[in-house]
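Trainee: sequence and predicted structure, then a few things I'm wondering about:
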Amino acid sequence: MRVIPLLLLIIAVLVSGITLSISNIGEPLVASMWISLLVFPVLMIIVYPVNYLLFKAYHSLTDSRFEFESLAQIVVSALLFVIHLAISLYTLGINVNVGLVIGVLLGALMIIAGYALPKTKPNVLFGARTIWALKDDEVWRLTNKFAGKLFVYFGVVLIVCTLILANSFFLMITALLFILISVTIIIEVFSFKTYKNLHSK
């Protein structure tokens, strides 16, 4: 499975090359075109070693492997690849709603993360790392179990909102920010209350 991010990177580079070769590079925005077509392949190059180092740190902190490690690497690479592909098609003049693609992918990423969160062990890198969850293993377990369900729910909400607001990029971004802020606040409050309940006995 580790070869999949590498294959996606190779395909992304090929897509950039093909797009640049058949585009009208005489346009004034050629510099912006180059940047938009190269930024995501570069990010894909950076992401793999960063993920490797993060998971290595996770192993040392928890004395165990993250159950969804390979899947996480593939999902992040696939997310960057699909956004890159959408931008490439848009550059070629094909009507692609890049905001819609990003919104749906982020929603899907939240759903996947929701299934992974309950499996994480206490650490400072991955999971719902609230102050109270890091202080108590049971609070960590309950917080991440709750956060997992919340991520799945709000991931679905984000996808639905993105589809409904597909023609308004501003409203999509507003909905995304609202969802992310809401999720963060709800998880923090839940973790705090769980900690207080467990330690008030």
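Mentor: Everything's here; your move. Numbers count the residues shown, from 1 in each chain.

Trainee: name the helix or strand of the protein that has the lowest mean pLDDT.
Mentor: Ranking every helix and strand in the chain by mean pLDDT, DSSP states H and E puts helix 30-62 at the bottom, with a mean of 76.

Trainee: after it, which helix or strand is next?
Mentor: helix 69-91 (DSSP states H and E).

Trainee: circling back to that earlier point, buried residues, the least confident helix or strand of the chain. List them.
Mentor: Within helix 30-62, the residues that count as buried by 16 or more other C-beta atoms under 10 Å are Met33, Ser36, Leu37, Phe40, Pro41, Leu43, Met44, Val47, Tyr48, Asn51, Phe55, Tyr58. Using the backbone N, CA and C atoms, a C-beta is placed for each residue, glycine as well.

Trainee: does the residue most central in space within the chain sit in a helix or strand, and which one?
Mentor: By C-alpha atoms, centre = their mean, the chain has its centre lying nearest to Leu109, at 5.2 Å. Using DSSP H and E, Leu109 sits within helix 98-116.

Trainee: hang on, the earlier thing: wait, what's in contact with the residue nearest to the centre of the chain?
Mentor: Residues in contact with Leu109, defined by C-beta atoms under 8 Å, 6 or more residues apart in numbering, are Val75, Leu79, Gly155.

Trainee: can we see that at 7 Å?
Mentor: By C-beta atoms under 7 Å, 6 or more residues apart in numbering, the residues touching Leu109 are Val75, Leu79.

Trainee: got phi/psi on Asp63?
Mentor: Here is the backbone geometry of Asp63 (degrees, to the nearest 10): phi 60, psi 30.

Trainee: packing partners for the following helix or strand past the helix holding Leu109?
Mentor: From helix 98-116 onward toward the C-terminus, using DSSP H and E, the following helix or strand is helix 131-135. Applying 3 or more C-beta pairs under 7 Å, 6 or more residues apart in numbering; DSSP states H and E, we find helix 131-135 packed against helix 137-164, helix 169-199.

Trainee: gap between helix 131-135 and the chain center?
Mentor: Centroid separation for helix 131-135 versus its chain: 23 Å, with C-alpha atoms, centre = their mean, to the nearest Å.

Trainee: and for stretch 133-151?
Mentor: With C-alpha atoms, centre = their mean, you get 19 Å for stretch 133-151.

Trainee: pLDDT of that stretch, averaged?
Mentor: Here stretch 133-151 scores 94 as its mean pLDDT.
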